[in-house]
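J.: Okay, predicted coordinates and the sequence, questions at the end:
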Amino acid sequence: MKFIAKKPREGINVSDVHPLAEAATLIVGLTAIFVAIALLLIFLIEVVLYFVPAETEARLFSDWLPEDLVAAGPETRQKQQTQELVARLAKHWAAAPYNFRVEIDDSELANAMALPGGLIVVTQGLLDQVESENELAFVLGHELGHFRNRDHLRALGRGVVISLFFAVVTGNDVAGLGIKTADLTLRGFSREQESRADEFGLAVVHAAYGHVNQASRLFERWDSEQRDSSAFAAYLSTHPQPGDRVQRLRAIAYRDGWRTEGEITPLNWSRD
Ligand SMILES: [Zn+2]
């Protein structure tokens, strides 16, 4: 019998489904996968928050530093003073489960962040911008507010959450896991988390000084300067817009009857 090669049917490699329909299926499918991953992540973080009390978190991260931290020199005077200021502010949060540590990152770009275990990283750029202790106190008080609400853990990436589980299970600390700041701060905070941190920060400043004078002065300056100044763009990418913030802080002070006049504490420091 002679073999007769049959030509394959025309268009055999072309799906019968309309390409747009196929694209739509793909997009819907991918979106569903991303949503599922995001929900799982949120769930995992809530599980961490439930099972890992702040005391355990503080212990696990007690020696931890972000892998990508570029520490500004050894023990500078600015670091010491910032550390002391944090300690003074934290006294007004009686039940604080953290032993707050301060590190100065040698970056020109103003920023401040709350990281696991009670670590507050402030950049040299931010220290260069503050003009009084009162201005710095509010920035630090705001970060304390994130610890208070454990927002800093809600910002964790999935990889970090898994590492954290691993550390809890094995009882090791997380110092060797090589976690970077970028893993922790990528997902900023919601407007609500920021507002709550501001409320707490202002309350702490009021408790420490007896007034809230200059608490928002740094943001007043940033608001009147060019909005897209690269010097503080990083801070603004993860914090509320300075103008709105000044308004809200004024409203809180007014609501709670806090004095907006009061003695200013100068910063006596130099970059050594
Ligand atoms: Zn914040």
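T.: Received, thanks. Note that the structure is a prediction, hence the values are computed from the model and not measured.
J.: what does the stretch 101-250 of the chain put close to the ion?
T.: Selection of the stretch 101-250 of the chain residues close to the ion by Cβ under 5 Å from the ion yields 194, 197. The C-beta positions use only the backbone N, C-alpha and C, and glycine is treated the same way.
J.: the helices in the stretch 101-250 of the chain, which residues?
T.: Along the stretch 101-250 of the chain, counting by DSSP state H, counting those that start in this stretch, helices occupy 124-129, 133-148, 151-154, 158-170, 181-185, 191-209, 217-224, 230-237, 242-255.
J.: Name the residues of the first one that come out as buried.
T.: Yep, that's helix 124-129 we're talking about. For helix 124-129, the neighbour count (16 or more other Cβ atoms under 10 Å) marks 124, 125, 126, 127, 129 as buried.
J.: For the last one, which non-adjacent residue is spatially closest?
T.: This means residue 129. Distances taken as Cβ to Cβ, 6 or more residues apart in numbering put residue 110 closest to residue 129, at 5.2 Å, once the chain neighbours are dropped.
J.: Likewise for the third one?
T.: For residue 126, ignoring the flanking residues on the chain, the nearest one in space by Cβ to Cβ, 6+ apart is residue 110 at 4.0 Å.
J.: pLDDT score for the one you found?
T.: At residue 110, the pLDDT value in this model is 91.
J.: Likewise for residue 166?
T.: 67.
J.: same deal with the one 3 residues further on?
T.: The predicted local confidence for residue 169 comes out at a pLDDT of 70.
J.: do the same with residue 173
T.: Looking at residue 173, its pLDDT reads 65.
J.: And residue 11, by the same measure?
T.: At residue 11, the model reports a pLDDT of 73.
J.: mind checking how far it is from residue 108?
T.: In this view, residue 11 and residue 108 are 61 Å apart by Cβ to Cβ, to the nearest Å.
J.: again with residue 202
T.: Taking Cβ to Cβ, one finds residue 202 at 28 Å from residue 108.
J.: higher neighbour count, those two?
T.: Higher neighbour count among residue 202 and residue 108: residue 202, with 23 against 12, using other Cβ atoms under 10 Å.
J.: what's that one in contact with, if anything?
T.: Contacts of residue 202 were listed using Cβ atoms under 8 Å, 6 or more residues apart in numbering, and they are 138, 141, 212, 215, 249, 252, 253, 258.
J.: Wait, the first one touches residue 220, no?
T.: No. Under the contact definition of Cβ atoms under 8 Å, residue 138 does not touch residue 220, with a separation of 11.6 Å.
J.: out of those two, which sits in the more crowded spot?
T.: Neighbours per residue, other Cβ under 10 Å: of residue 138 and residue 220, the larger number sits with residue 138, 26 against 16.
J.: what pLDDT does that one get?
T.: 98.
J.: going forward can the numbers begin at 179, since that is how I track them
T.: Sounds good: first residue 179 from here, last item residue 316.
J.: gap between it and residue 223?
T.: Residue 316 is 28 Å from residue 223, where distance means Cβ to Cβ.
J.: do the same with residue 303
T.: 30 Å.
J.: Repeat that for residue 282.
T.: Separation of residue 282 from residue 223 (Cβ to Cβ): 28 Å.
J.: now residue 197
T.: Distance of residue 197 to residue 223, computed by Cβ to Cβ: 39 Å.
J.: before we move on, what about residue 306?
T.: Distance from residue 306 to residue 223, by Cβ to Cβ: 34 Å.
J.: Confidence-wise, which helix or strand of this protein is lowest on average?
T.: Sorting the helices and strands of the chain by mean pLDDT, DSSP states H and E puts helix 359-363 at the bottom, at a mean of 62.
J.: The residue nearest to residue 307 touches residue 317, doesn't it?
T.: No. Counting by Cβ under 8 Å, residue 288 does not reach residue 317; the two are 9.2 Å apart.
J.: Show me whatever sits in contact with both of the two.
T.: Listed as contacting both residue 288 and residue 317 by Cβ under 8 Å, 6+ apart are residue 304.
J.: Quick one: low-confidence residue ranges for the stretch 229-378 of the chain.
T.: Residue ranges of the stretch 229-378 of the chain with pLDDT under 70: 252, 334-346, 350-366.
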